[in-house]
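Q: Any chance you can model this:
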Amino acid sequence: MKSALKIYLSTIIILTFTGSALSDMVFFKNGDRLSGKVKQLTDSKLILESEFAGEVTVNLSDVQTLSTEQPVTLNLGDGTVLKQRLLSAEQGQVLIEGTETIRQQSIELQNISAINPPPQEVPKWHGSVSAGIAANRGNTEKDRYSFSAEVSKRSENDRIMISGDYARSKDKDQATGDKEVTENWWRVKGKYDYFITEKWYAFVDGRYEKDSIADLDRRVIIGGGAGYQWIETDDLSFATEGGLASRYEKFENQTDSQTEVSAQLGYNLSAKIRENLRFLHDLTYYPSLEEFSDYYLTSNAELRADLIDNLFTSFKVIFNYDATPAAGSDQTDVKYIWGLGWNF
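A: Coordinates of the predicted model:
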């Protein structure tokens, strides 16, 4: 009986120490240590699942070294991805276990950007479509309709944006009874940003516009340059840009067209004012390199209010200023668009 009891106790002790030995270990700079299972390291926060303390999150800056009993996925600062065991080493370092093809190496803890990072979300297209329709009958007869659409996709390294607007209206001439087209314009824009660093990006963009009332047969602008993303969150996004552009304009009442190289300066802002209210604003300025007084400026300001689910209402103001418009046309052109839209 005593012999059987000794064997039982010995087995328990061996299993206890073996279980401890098979645990991942985290050694802290203050001399403490913690055993468990290393689950993840992201944003310099190490998550350890401990049998007694549960899930514990510690700052990587407080860790002296660590070890794992099973291979973990390592993302290093230079972009290298490995799946190896980690062995404890001197302060501020770990050993990456060697294999037949990879030699054992010592690296700084701070050079590990992630351990077992969550899978990256596949970039998806997001956007919205909206439309506005208005009709007046009686003393005034007027029909107006407008459409707007935009799509975008953001990945870790790049961003794509495409948008378009269209509006047309007819007013009844009280003298003749005929309906006259008083508004007929459309435009499309496309832009591609490639992030060189977390904040700096290179971009190329283009836009095409027509406005029959302003005698604008077409305006084509193709540009490129560099931008800086000051902040990019769900609540606030702001970026500034600068570069060069080629601007081509052809007016219906003029035989000659205009082509010139200009600078391109602008910014983009998206700010959440309240939980269901967002303000969107962008501005781009194209001064001619030959004569700065000859410039084209375009700006958009929009208030967008969420209603239910993905449904929203918006009020948009489009402001354009052309220092050299078509003969007989105003330099300033302001468009107002109200509509109902759907986010997707």
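
Q: all strands for the stretch 201-344 of the chain, in order.
A: 216-232, 236-251, 257-274, 277-287, 295-306, 311-322, 332-343 (DSSP state E, counting those that start in this stretch).

Q: Looks like residue 165 contacts residue 208 (just checking).
A: No: between residue 165 and residue 208 there is no contact under Cβ atoms under 8 Å: 11.6 Å. C-beta here means a position set from N, CA and C on the backbone, and glycine is covered the same way.

Q: got any residues that touch both of these two?
A: Shared contacts of residue 165 and residue 208 (Cβ atoms under 8 Å, 6 or more residues apart in numbering): residue 187.

Q: Just the C-alpha atoms of stretch 95-114, please, in CSV.
A: Extracted in CSV, the C-alpha atoms of stretch 95-114 (Å, rounded to 0.1, in the frame of the first residue of the first chain):
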residue,chain,number,x,y,z
LEU,A,95,16.5,32.9,-29.6
ILE,A,96,14.7,31.7,-32.7
GLU,A,97,15.1,27.9,-32.8
GLY,A,98,17.1,26.7,-35.7
THR,A,99,16.1,24.1,-38.2
GLU,A,100,17.8,22.2,-41.0
THR,A,101,17.4,25.2,-43.3
ILE,A,102,17.4,28.1,-40.7
ARG,A,103,20.2,28.6,-38.3
GLN,A,104,19.4,29.5,-34.7
GLN,A,105,19.6,33.3,-34.3
SER,A,106,19.3,35.8,-31.6
ILE,A,107,17.1,38.9,-32.2
GLU,A,108,16.0,41.9,-30.2
LEU,A,109,12.5,41.7,-28.8
GLN,A,110,11.7,45.1,-30.2
ASN,A,111,12.4,43.7,-33.7
ILE,A,112,9.3,41.4,-33.4
SER,A,113,6.3,43.3,-34.7
ALA,A,114,3.8,40.5,-34.1
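
Q: buried sites along that stretch?
A: For stretch 95-114, burial by neighbour count (16 or more other Cβ atoms under 10 Å) applies to 95-97, 107, 109, 112-114.

Q: Test of understanding: give the bridge partners of residue 146.
A: Listed beta-bridge partners, residue 146: residue 132, residue 167 (assigned using DSSP bridges).

Q: Now residue 36. Nearest residue, chain neighbours left out?
A: residue 50 (3.7 Å; Cβ to Cβ, 6 or more residues apart in numbering).

Q: Show me what the one you found bridges to in the sheet.
A: In this entry, residue 50 is beta-bridged to residue 54, by DSSP bridges.

Q: quick one, what contacts the residue lying closest to residue 45 once chain neighbours are set aside?
A: Distance criterion Cβ to Cβ, 6+ apart; nearest residue to residue 45, sequence neighbours excluded, is residue 57 at 5.5 Å. Listed by Cβ under 8 Å, 6+ apart, the contact set of residue 57 reads 45-48.

Q: Can you tell me what sits against stretch 264-283?
A: 223, 225, 234-245, 284-287, 297-307.

Q: what about residue 51, how many residues close to it?
A: Residue 51: 11 surrounding residues under other Cβ atoms under 10 Å.

Q: And residue 165 and residue 208? Which one has more around it.
A: residue 165 (21 against 16).

Q: mind listing what that one touches?
A: Taking Cβ under 8 Å, 6+ apart, one finds 146-148, 186-187, 318, 337 in contact with residue 165.

Q: Going by neighbour count, which of these comes out on top?
A: Among the contacts of residue 165, residue 146 has the most neighbours (other Cβ under 10 Å), with 23 neighbours.

Q: I figured that residue hits residue 337, correct?
A: Yes: taking contacts as Cβ under 8 Å, residue 146 lies within contact range of residue 337: 5.0 Å.

Q: Mind listing the shared neighbours of the two?
A: 132, 165, 167.

Q: which one of the residues you listed sits closest to residue 229?
A: Within the shared contacts of residue 146 and residue 337, the smallest distance to residue 229 is 24.8 Å, found for residue 165 (Cβ to Cβ).

Q: so where is this protein shaky, pLDDT-wise?
A: Residue ranges of the chain with pLDDT under 70: 1-22, 100-102, 135-140, 173-177.

Q: in the sheet, who's paired with the spatially most central residue of it?
A: The geometric centre of the chain, computed from its C-alpha atoms, lies nearest to residue 154 (Cα atoms, centre = their mean), at 4.7 Å. Beta-bridge pairing of residue 154 under DSSP bridges involves residue 159.

Q: so how far is residue 25 from the residue nearest to residue 45?
A: Separation of residue 57 from residue 25 (Cβ to Cβ, to the nearest Å): 17 Å.

Q: domain parsing for the chain?
A: Domain ranges of the chain: 2-115, 126-343, per automatic domain parsing.

Q: Within its local environment, how many residues does the nearest residue to residue 289 once chain neighbours are set aside see?
A: Counting by Cβ to Cβ, 6+ apart, residue 261 is the residue found nearest to residue 289 once chain neighbours are left out, at 5.3 Å. Neighbour count for residue 261, taken as other Cβ under 10 Å: 13.

Q: looking at the sheet around residue 261, what are its partners?
A: Assessed by DSSP bridges, residue 261 has beta-bridge partners residue 246.
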